[in-house]
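> Sharing a sequence plus its predicted fold:
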Amino acid sequence: MVGVKIFIPKQINHTRTEFKAKTKKEKVKGIRDKKEGQSWGDSLGPAYSFLRFYITKGIYRMFLYTPLHFFNSIGHFIGHFILGTSRKVKRRTKAGLRALHPNYSEKSIRKLCDASSKYMGSLMMDIFFNFPLIVHRNGRKNISLKHFERFEAAIAQGKGVIITTPHVGQFFHANFGLVCHPNHYKVSTIGSIKNIPMYEYNNRERYDNFYIYGSTSFSFLAPHLTRDLKNNHSIVVYHDYASSSQLRTPCLHGKLPYLIHTPQSFISLHKKTGAVILPAICHPNGPIGRTTLEFLDNTAIMQASNDYMDKPDKEFHGHVSTEINKVVYNQVRRYTHIWEEIMKFTERRVADKINFPPNHTMKQFLEDVLQKMHSILDKSFEPDRKDAQLHAVIDEIAPKIVVSLQNPDRILRPHKTFIDLSLMDGVSELLKLCSASRKELVAKEERVAGSLFLTLSEKLSKFILN
């Protein structure tokens, strides 16, 4: 059986039978290894053994005529009474909800939190029980398409389409909505290595138009994704997952101005190949199991690409990312209760802080703070932010602060500590560093250095974005 093409980096031409682990040790250290937080599947563990047995033995066929509401109800029960009773889950979910809906009442947050737990339970039931049925039935009738003319117009350009979507609803239907289409569109996607078994076990010969690349360094994947786009494939990427090294841009410019890590690799592919960036979202069409794959308006995204194509990379990536965020995160806010990434939002996606080790001296503390200020500006982008002037203000006062210390070798703390900079725009982060540093200096009776930080804060305040 051929079916889905599954590729692991560095072994890009190997079939799935060739990369299976052969020993117990290889199974532990093989393709199922992943970095922490890379996928929801990390929490499934041995459940994959059950999934393999359930699918390969054809047991799923027992549920061919089971109403979708049955899976939905069982999932709601699991979500409400297992996930919904976990303090850790509730704390993380509520933190994400408050960040996305700062004006919501506590009552509304509690309702959304409960709905989110029920969704996670239903999603688990769907992946284990209903997804194999969709694959078995060729799933076309389970996935309806909305504004499909936008996709048709994009693919007609012949340069490939980069479909960017969040982990909302049954997010993997963004792939299967096109793979199962009568036109047999060729679709590529990047999957967490941890989740690859789910595709392996559900493989069918008719899905020979589906290509899955194991998630790893972009340098390994780029040549193959570039080739796919040149062959007019569609590439499905998830915009709400990015590492902490990625450029930070406003979550929702004008509404939620705090900075969020945004993926840049597919924007690089767009710039290199001319492929169309087309946002999309999967939202339930009734119970979990039926989905509407909606293609969203990309006019502002492509306009930003045209306007800034010849600008420096950071400016180009920043403006395009900001426009994608506007489309994607507006949808995330609309469907927050069925967003799989909600628990990671405040702890990873929008998190930022500066750490200080034990027994750090005051001089080292100030040097780290001032270096962090420059790093904030270098590794983030906000429209209309005047980075060159902000750097100049910091460089003007920074040397004076360090040399003004009366006791530079004094210990900041005997233990490690940090300054939290999460959920802020760039200038607000700079001001937070100023206020925290000044407070520390005054407590250590370093009043000259403290007053210089006050001066720096006053100058930086003039650059606050409205």
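Nice, thanks for sending it over. Numbering: from 1, shown residues only.
> Which of the helices or strands spans the residue nearest the centre of the chain?
When Cα atoms, centre = their mean is applied to the chain, the residue found nearest the centroid is Tyr241 (1.5 Å). Assigning secondary structure by DSSP states H and E places Tyr241 outside every helix and strand.
> list the contacts for it?
Going by Cβ atoms under 8 Å, 6 or more residues apart in numbering, Tyr241 touches His167, Pro263, Glu341. Where you see a C-beta, it was placed from the backbone N, CA and C, and this is true even at glycine.
> ok, the last one to Ser86 distance?
For Glu341, the distance to Ser86 under the criterion Cβ to Cβ, to the nearest Å works out to 17 Å.
> Mind checking which of those two has more residues around it?
Taking other Cβ atoms under 10 Å, Glu341 and Ser86 do not tie; Glu341 has more neighbours (19 against 12).
> Pop out the phi and psi values for the more buried one.
phi -90, psi 10 (degrees, to the nearest 10).
> Then Thr189?
Dihedral angles (degrees, to the nearest 10) for Thr189: phi -150, psi 160.
> Tell me how many other residues surround it.
Around Thr189 there are 22 other residues, counting by other Cβ under 10 Å.
> just checking, what packs against the lengthiest helix in the chain?
For the chain, the longest helix by residue count, based on DSSP state H, is helix 313-334. When contacts are defined as 3 or more Cβ pairs under 8 Å, 6 or more residues apart in numbering; DSSP states H and E, helix 313-334 sits against helix 87-100, strand 161-165, strand 248-252, helix 265-273, strand 276-284, helix 299-308.
> Following element in sequence after the least confident helix or strand in the chain by mean pLDDT, please.
Lowest mean confidence among the helices and strands of the chain (mean pLDDT, DSSP states H and E): helix 24-29, at a mean of 34. Downstream of helix 24-29, the first helix or strand assigned by DSSP H and E is helix 47-56.
> wait, Val187 sits on Asn175?
Yes: between Val187 and Asn175 there is a contact under Cβ atoms under 8 Å: 5.6 Å.
> Which neighbours do the two have in common?
Overlap of the contact sets of Val187 and Asn175 (by Cβ under 8 Å, 6+ apart) consists of Phe210, Val236.
> Relative to Tyr104, which of the contacts of Tyr241 is nearest.
Glu341 (18.4 Å; Cβ to Cβ).
> gap between the residue at the greatest distance from the centre of the chain and Tyr238?
Largest separation from the mean C-alpha position in the chain: Gln406, at 45.1 Å (Cα atoms, centre = their mean). Distance, Gln406 to Tyr238, by Cβ to Cβ: 52 Å.
> And for Val89?
21 Å.
> Pick out whichever of the two has more residues nearby.
Comparing Val89 with Tyr238 by other Cβ under 10 Å, the one with more neighbours is Tyr238, at 23 against 19.
> and that one, what does it touch?
Tyr238 neighbours (Cβ under 8 Å, 6+ apart): Thr164, Thr165, Pro166, His167, Phe171, Pro263.
> how deep is the spatially closest residue to the fourth one that is not a sequence neighbour tucked in, by neighbour count?
Excluding its sequence neighbours, the residue lying closest to His167 (Cβ to Cβ, 6 or more residues apart in numbering) is Glu340, at 3.9 Å. Burial of Glu340 is recorded as 21 neighbouring residues (other Cβ under 10 Å).
> dump the residue contacts of Glu340.
Trp40, Met120, Leu123, His167, Val168, Phe171.
> buried set for stretch 152-169?
By 16 or more other Cβ atoms under 10 Å, the buried positions in stretch 152-169 come out as 154-155, 159-169.
> which residue sits closest to Phe273, ignoring its sequence neighbours?
Actually, residue 273 is Thr rather than Phe. Leu229 (4.6 Å).
> show me where the stretch 351-466 of the chain has strands.
353-356, 417-420 (DSSP state E, counting those that start in this stretch).
> What of the stretch 51-200 of the chain?
Taking DSSP E, counting those that start in this stretch as the criterion, the stretch 51-200 of the chain contains strands spanning 143-146, 161-165, 187-191.
> Give the pairing partners of the last one; include direction for each.
The one in question is strand 187-191. strand 210-214 (parallel), strand 234-238 (parallel) (DSSP bridges).
> Using a markdown table, lay out those strands together with distance to Glu446 and mean pLDDT.
Output for the strands paired with strand 187-191, formatted as a markdown table (distance: least, Cβ to Cβ, whole Å; pLDDT from 0 to 100):
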| stretch | distance to Glu446 | mean pLDDT |
| --- | --- | --- |
| strand 210-214 | 52 | 88 |
| strand 234-238 | 47 | 96 |
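> Put together TSV for those, with distance to Lys146 on each row.
Below are those laid out as TSV (distance: least, Cβ to Cβ, whole Å):
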stretch	distance to Lys146
strand 210-214	22
strand 234-238	16
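> can you tell which of those is closest to Leu112?
Between the strands paired with strand 187-191, strand 234-238 lies closest to Leu112; by Cβ to Cβ that is 21.6 Å.
> I'd like the distance from the closest one to the chain centre, please.
Its chain's C-alpha centre and that of strand 234-238 lie 13 Å apart, by Cα atoms, centre = their mean, to the nearest Å.
> quick one: that strand to strand 276-284, angle?
Angle, strand 234-238 to strand 276-284, by axes from the mean of the first three to the mean of the last three Cα atoms, to 10 degrees: 60 degrees.
> Strand 234-238 versus strand 161-165: what angle between them?
20 degrees.
> thinking again about what came up before, lowest pLDDT pick from the contacts of Tyr238?
When the contacts of Tyr238 are sorted by pLDDT, the bottom entry is Phe171 at 91.
> Grab the nearest non-local neighbour of that one.
Nearest to Phe171 is Cys282, by Cβ to Cβ, 6+ apart, at 5.4 Å.
> what pLDDT does the one you found get?
95.
> so what's it up against?
Thr165, Val168, Gly169, Gln170, Phe171, His173, Ala174, Gly177, Thr291, Thr292, Leu293, Glu294.
> let's see 6 Å
Gly169, Gln170, Phe171, His173, Ala174, Thr291, Leu293 (Cβ atoms under 6 Å, 6 or more residues apart in numbering).
> Good, we can wrap up now.
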